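# Pasted the sequence and its predicted model underneath.
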Amino acid sequence: MSTLLNTVHASAPASEIKLHTLELTNASFPNGAYRWVQGFNDESLTLENGQEFTFEGMGFGVSLAERSLRGNQDIQFQIDNVTGEALRAINDVIDSGEKMLVVYRCYLDSNHSAPAQPATRMTATGVTADYRSVNVIADFHDFVNLKWPVQRYTPTLAPGLAA
């Protein structure tokens, strides 16, 4: 996390504003993704891979996961006043049962060249949509209960091991 972002979290200087962004990705979406920034204005922002995109200004609420030792944490977003086109596309993904990826990024208004912290990538596990808003619940993969190492050393794989 950047030093400037730590300062913003600690003292909230009036000259620095956090820009929360949300990206919903699915192959069926126009250009592969919907990208929104919390606020009234569209913002041109550069992703962590150097690509620049225009994020549409949108009112949405973010409920970030608390830091804990739980293996499965989720984040909730409520996006208000989505366009009819976006609503239809999201409903189509819900109905088809396809995966919808969710990426949350935080930028500082003074620096649009890169996110202020690493992007949080999740998979949508619950989506409800109506003509007023879209509610998305996305979670991280369960890292606590993930087996490690991924490759198990068994007598079949490594014949020198005793059974």
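Good, I have the coordinates.
# Which other helices and strands does the helix ranked longest in the chain contact?
Ranked by number of residues, the top helix in the chain under DSSP state H is helix 84-96. Judged by 3 or more C-beta pairs under 8 Å, 6 or more residues apart in numbering; DSSP states H and E, helix 84-96 is in contact with strand 33-38, strand 120-129, strand 133-139. All C-beta spots, glycine's among them, are computed from the backbone N, C-alpha and C.
# Just want the angle from that helix to strand 33-38.
Going by axes from the mean of the first three to the mean of the last three C-alpha atoms, to 10 degrees, helix 84-96 is angled at 120 degrees with respect to strand 33-38.
# Export the helix or strand following helix 84-96 to CSV, keeping only CA atoms.
Next helix or strand after helix 84-96 toward the C-terminus (DSSP states H and E): strand 101-108. Output of strand 101-108 as CSV, limited to C-alpha atoms (Å, rounded to 0.1, in the frame of the first residue of the first chain):
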residue,chain,number,x,y,z
LEU,A,101,-15.6,-11.6,-12.2
VAL,A,102,-15.5,-8.5,-10.0
VAL,A,103,-12.5,-6.3,-9.5
TYR,A,104,-12.3,-3.6,-6.9
ARG,A,105,-9.7,-0.9,-7.1
CYS,A,106,-9.0,2.2,-5.1
TYR,A,107,-7.3,5.3,-6.6
LEU,A,108,-6.4,8.6,-5.2
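# Contacts for strand 101-108, please.
Identification of contacts with strand 101-108 by C-beta atoms under 8 Å, 6 or more residues apart in numbering yields 2, 4-5, 8, 16-26, 37, 43, 45, 47-48, 62, 64, 75, 77, 114-117, 119-124, 136, 138.
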